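Coordinates only, no sequence provided:
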Ligand code: NAP
């Protein structure tokens with residue numbers, strides 16, 4: 001389950017290995033999906049029951065949750081569906097960013113708290129949040145917002161513009177953007193991924209404050225922090241599942257097929 005740079009990387013590496021048959025799943029939120037160099041599917045599964053049914057039908061050797069740390073519903077469904085179907089589950093989740101010298105962070109619990117933390121005085125805000133999260137900022141319409149999101153959308157705020165762009169982003173370009181737009185404060189989720197860290201670096205180098213939204217709580221699951229240990233986990237799982245010495249689908253020990261993931 002993807003929707004992140006890490007999920008894409010992992011699926012593409014596995015697709016290049018004849019021992020694996022990965023299938024990368026996207027929610028289908030973005031208008032212009034960038035096709036990965038790996039087999040993929042698009043769209044929700046239909047809740048926990050739908051995902052469990054999918055796993056029973058496909059019988060993958062493992063389910064890997066490489067969704068964004070803020071995709072809490074999908075991660076919860078993964079835990080429940082994996083339990084229901086006895087499918088090994090691994091979560092790939094970058095550690096949260098931690099403040100470094102020079103960072104001026106205000107940590108908040110959620111988007112409404114981020115909107116409140118902007119204060120009364122109108123400010124120029126770089127809002128790095130998605131279309132579905134913009135609603136919280138209607139409570140603070142006095143600010144000028146530059147909203148960066150993957151797709152263009154109508155923000156429904158009097159003083160907001162949308163900048164449609166897809167990461168990964170580089171720090172020099174981020175710094176140039178913040179300067180050109182005379183941004184006074186950055187609002188971001190604590191995504192933890194290197195792909196979107198450049199805005200944090202840029203804010204630090206300009207001495208700008210950042211309002212950082214904490215991650216939602218997820219149910220416990222075995223977790224690794226990047227795709228490299230995920231590959232090692234899969235290799236160990238495949239070794240444990242295999243008894244014929246050849247590539248196979250773990251759920252079908254007699255078939256000489258690539259391992260489904
Ligand atoms: P969410 O609230 O956790 O999930 C809502 C529903 O979307 C899920 O119940 C599921 O529908 C479907 N879904 C989510 N991820 C899916 C996937 N990888 N494959 C198939 N169906 C999926 O998720 P979200 O926050 O809307 O995020 C949607 C996608 O965007 C995720 O894949 C995530 O990795 C990516 N993303 C999210 C953020 C963020 O800040 N939330 C940022 C960057 C990327 P069903 O119940 O019908 O199965």
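Sure, I can see it. Model, not experiment: these values are computed from the prediction.

chain center to stretch 147-164, what's the gap?
Distance, stretch centre to chain centre, for stretch 147-164: 20 Å (CA atoms, centre = their mean, to the nearest Å).

now do stretch 80-93
The chain centroid and the centroid of stretch 80-93 are separated by 17 Å under CA atoms, centre = their mean.

Contacts only, for the closest residue to the ligand within the stretch 151-261 of the chain.
When scored by CB to the nearest ligand atom, the stretch 151-261 of the chain has residue 189 as its residue closest to the ligand, at 5.7 Å. Glycine gets a C-beta too; all of them are placed from N, C-alpha and C. For residue 189, the contacting residues are 69, 70, 128, 129, 212, 213, 215, by CB atoms under 8 Å, 6 or more residues apart in numbering.

Pick out the lowest-pLDDT one from those residues.
Minimum pLDDT for these is recorded at residue 129 (87).

near the ligand at all, stretch 154-165?
No. Figure legend: stretch 154-165 not in contact with the ligand (CB under 6 Å from any ligand atom); closest approach 13.1 Å.

avg pLDDT for that stretch?
Per-residue pLDDT over stretch 154-165 has a mean of 93.

now stretch 100-120
Mean pLDDT, stretch 100-120: 98.

Let me know the helix or strand that the nearest residue to residue 36 once chain neighbours are set aside is in.
On the basis of CB to CB, 6 or more residues apart in numbering, the spatially nearest residue to residue 36 that is not a chain neighbour turns out to be residue 8, at 5.1 Å. Per DSSP states H and E, residue 8 falls inside helix 5-15.

residues in the stretch 101-250 of the chain within reach of the ligand, list them.
So the stretch 101-250 of the chain meets the ligand at 130, 189 (CB under 6 Å from any ligand atom).

All the strands of the stretch 151-261 of the chain, residue numbers only.
160-164, 185-189, 209-213, 223-224, 259-260 (DSSP state E, counting those that start in this stretch).

What is the fourth one packed up against?
When you say that, I think you mean strand 223-224. If you count contacts as 3 or more CB pairs under 8 Å, 6 or more residues apart in numbering; DSSP states H and E, strand 223-224 packs onto strand 89-92.

buried stuff in the next helix or strand along the chain from the strand it packs on?
Next in sequence after strand 89-92, counting helices and strands by DSSP H and E, comes strand 104-108. Residues 105, 108 are the ones in strand 104-108 that count as buried (16 or more other CB atoms under 10 Å).

Counting by contacts, list what strand 104-108 packs against.
Counting contacts by 3+ CB pairs under 8 Å, 6+ apart, strand 104-108 packs against helix 111-117, strand 209-213.

so can I have JSON lines of those showing distance to residue 197 and mean neighbour count?
Output for the helices and strands packed on strand 104-108, formatted as JSON lines (distance: least, CB to CB, whole Å; neighbours: other CB atoms under 10 Å):
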{"stretch": "helix 111-117", "distance to residue 197": "18", "mean neighbour count": "19"}
{"stretch": "strand 209-213", "distance to residue 197": "11", "mean neighbour count": "22"}
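
Including distance to residue 166, could these go into a markdown table?
A markdown table is the format used below for the helices and strands packed on strand 104-108 (distance: least, CB to CB, whole Å):
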| stretch | distance to residue 166 |
| --- | --- |
| helix 111-117 | 21 |
| strand 209-213 | 20 |
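
Cool, thanks, talk later.
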